[in-house]
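Engineer: Just the structure for this:
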Amino acid sequence: MSFDRDIGEPGIFRICFVCTGNICRSPMAEAVFRDLIRQRGWEHLVSVRSAGTGEWHVGESSDPRTIGVLEARGFPAAHHRARQFDSQWFDDLDLVIAFDRTHERILKTWAPSDDARSKVHLLMSFDPAAEGAPDVPDPYYSDAAMFDSVLGMIERACRALFRQLEPGIRQGTP
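Structural biologist: Just a heads-up that it's a prediction; the model follows:
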């Protein structure tokens, strides 16, 4: 997998959102974060991807309910294909975002070094409105209303994450 840059290329920040199967939460966050980057015209400064800890859905589209809530809020969603996170990606990533403590634990176990482990963070840790709630619930076994609720959580947390990263990204602007 390519993250659209050579390792030595300056000014590119690479982030990967990781959930369980890469068909619900992580594609939502990828779409939301890509939109934030697009709104600033910073597509050349930030590479955004998503993946899952499991292999069950590799190659599949997002869950139809994911596509539905994303499109209802104006986010493109049709071209996503699920992939599994590869521990070799750690070297090429700046930030790895997990959606719950299980993903965080798995990713830190897969990390080949302390430096790689330090790149793994829970999405909700960036949202002050989360009031310490660490996990984004998995909507897969729920209804469309839960998908909408989860997307709302992801949008708030992604905006908070973006606000924290924005000064550093702006420094990479030519």
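Engineer: Show me what counts as buried in the helix ranked longest in the chain.
Structural biologist: Ranked by residue count and defined by DSSP state H, the top helix of the chain is helix 144-171. Burial within helix 144-171, assessed by neighbour count using 16 or more other CB atoms under 10 Å, is assigned to 146-147, 149-151, 153-158, 160-162, 165, 169. To be clear about C-beta, it is placed using only N, CA and C from the backbone, and glycine gets the same treatment.
Engineer: And for stretch 25-38?
Structural biologist: 25-37.
Engineer: In a markdown table: those residues, plus pLDDT.
Structural biologist: Formatted as a markdown table, those follow (pLDDT from 0 to 100):
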| residue | pLDDT |
| --- | --- |
| 25 | 98 |
| 26 | 98 |
| 27 | 98 |
| 28 | 98 |
| 29 | 98 |
| 30 | 98 |
| 31 | 98 |
| 32 | 98 |
| 33 | 98 |
| 34 | 96 |
| 35 | 96 |
| 36 | 97 |
| 37 | 96 |
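Engineer: Include secondary structure when you put these into JSON lines, please.
Structural biologist: Output for these, formatted as JSON lines (DSSP: H, G, I helix; E, B strand; the rest coil):
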{"residue": "25", "secondary structure": "helix"}
{"residue": "26", "secondary structure": "helix"}
{"residue": "27", "secondary structure": "helix"}
{"residue": "28", "secondary structure": "helix"}
{"residue": "29", "secondary structure": "helix"}
{"residue": "30", "secondary structure": "helix"}
{"residue": "31", "secondary structure": "helix"}
{"residue": "32", "secondary structure": "helix"}
{"residue": "33", "secondary structure": "helix"}
{"residue": "34", "secondary structure": "helix"}
{"residue": "35", "secondary structure": "helix"}
{"residue": "36", "secondary structure": "helix"}
{"residue": "37", "secondary structure": "helix"}
